[in-house]
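Participant: Got a predicted structure here, sequence first:
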Amino acid sequence: MEELKKAVAREALSFVDDDMVIGLGTGSTTAYFIKFLGELIKEEELEVYGIPTSHQSRLLAIESGVPVVSLDEADAIDIAVDGADEVDPALNLIKGRGAALTMEKIIEYRAGTFIVLVDESKLVKRLGEKMPVPIEVIPAAWRAIAEELEVFNARAELRMAVKKDGPVITDNGNFILDARFERIDDPLDMEIELNTIPGVVENGIFADIADVVLVGTREGVRKLER
Ligand SMILES: O=C[C@H](O)[C@H](O)[C@H](O)COP(=O)(O)O
């Protein structure tokens, strides 16, 4: 599995050019990309800047020699590179296992080209087949939102921390609800609907924004395009 992640991360370097601003996703697959990008910048003396989507990607970028800028310092984002938890045949995604979905969506929505890195186990026929949809919520509203999600035939759980007592706190200071839906027929519609619930900051359905998906398989890297 780690080899497949490395293979897609290496392949993503072919999208990198000098003078680019690159959105840096979060998670274990993107972590390889950030490390390889640091090596490429050094080898080819590139003038490339990264915009991190989380504390994780910011710390890793600094450690890997990728100069970082914040979103409000950049005029435009050329490409963004990130992993995903599920990818459907229309290249709609579920993201947010690492609780970084809000900054990821803000940055990836604005990128000229959004490149997604997955291994083949992440490909599904229908979103929600294996993974819940993470929803970032204002802490005081978590229970009211969890109850409201029943209207959408979803059962939501408050995500609990592992190395801390109590709930996961996102980089933005919020909670995460993991919502298991009976069925998601229309990802774009569901993405929009969820964001209309007061107290929802953002949800982990990324419909219609991935341009390229690089899929790591045992036979090599497959490229899917929208
Ligand atoms: O919040 C986390 C992100 O959406 C990740 O990009 C996603 O969970 C994929 O992570 P990984 O590459 O570790 O499977």
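Facilitator: Cool, the structure landed.
Participant: ends of stretch 197-213, how far apart?
Facilitator: 30 Å (CA to CA, to the nearest Å).
Participant: Going by neighbour count, list what's buried in that stretch.
Facilitator: By neighbour count on 16 or more other CB atoms under 10 Å, the buried set for stretch 197-213 is 197, 199-207, 209-213. To be clear about C-beta, it is placed using only N, CA and C from the backbone, and glycine gets the same treatment.
Participant: so which pair among these is furthest apart in space?
Facilitator: The span of the buried residues of stretch 197-213, defined through CB to CB, is set by Gly199 and Val212 at 33.7 Å.
Participant: before we move on, back to that, from the buried residues of stretch 197-213, which single one is nearest the ligand?
Facilitator: Nearest to the ligand out of the buried residues of stretch 197-213 is Gly204 (CB to the nearest ligand atom; 6.9 Å).
Participant: residues touching the nearest residue to the closest one once chain neighbours are set aside, list them.
Facilitator: Nearest non-adjacent residue to Gly204, counting by CB to CB, 6 or more residues apart in numbering: Gly96, 3.4 Å away. Contacts for Gly96 (CB atoms under 8 Å, 6 or more residues apart in numbering) come out as Asp85, Glu104, Val133, Pro134, Glu136, Ile176, Asn203, Gly204.
Participant: per-residue pLDDT, Val16?
Facilitator: Listed pLDDT for Val16 reads 98.
Participant: what about it, how many neighbours?
Facilitator: 20 (other CB atoms under 10 Å).
Participant: what are the phi and psi values for it?
Facilitator: Backbone torsions of Val16, given as degrees, to the nearest 10, read phi -90, psi 130.
Participant: could you say which helix or strand contains Ser57?
Facilitator: helix 55-64 (DSSP states H and E).
Participant: wait, Met190
Facilitator: helix 187-194.
Participant: Among the buried residues of stretch 197-213, which are located in helices?
Facilitator: The members of these all map outside helices under DSSP state H.
Participant: Nearest to Glu219 among those residues?
Facilitator: The nearest one, if we look at those relative to Glu219 and count by CB to CB, is Val213, at 16.0 Å.
Participant: Verify the stated contact: that closest one with Leu91.
Facilitator: Yes - judged on CB atoms under 8 Å, Val213 makes contact with Leu91 at a distance of 5.6 Å.
Participant: and the residue nearest to Phe206 when sequence neighbours are not counted, how many neighbours?
Facilitator: Distance criterion CB to CB, 6+ apart; nearest residue to Phe206, sequence neighbours excluded, is Leu93 at 4.1 Å. Burial of Leu93 is recorded as 29 neighbouring residues (other CB under 10 Å).
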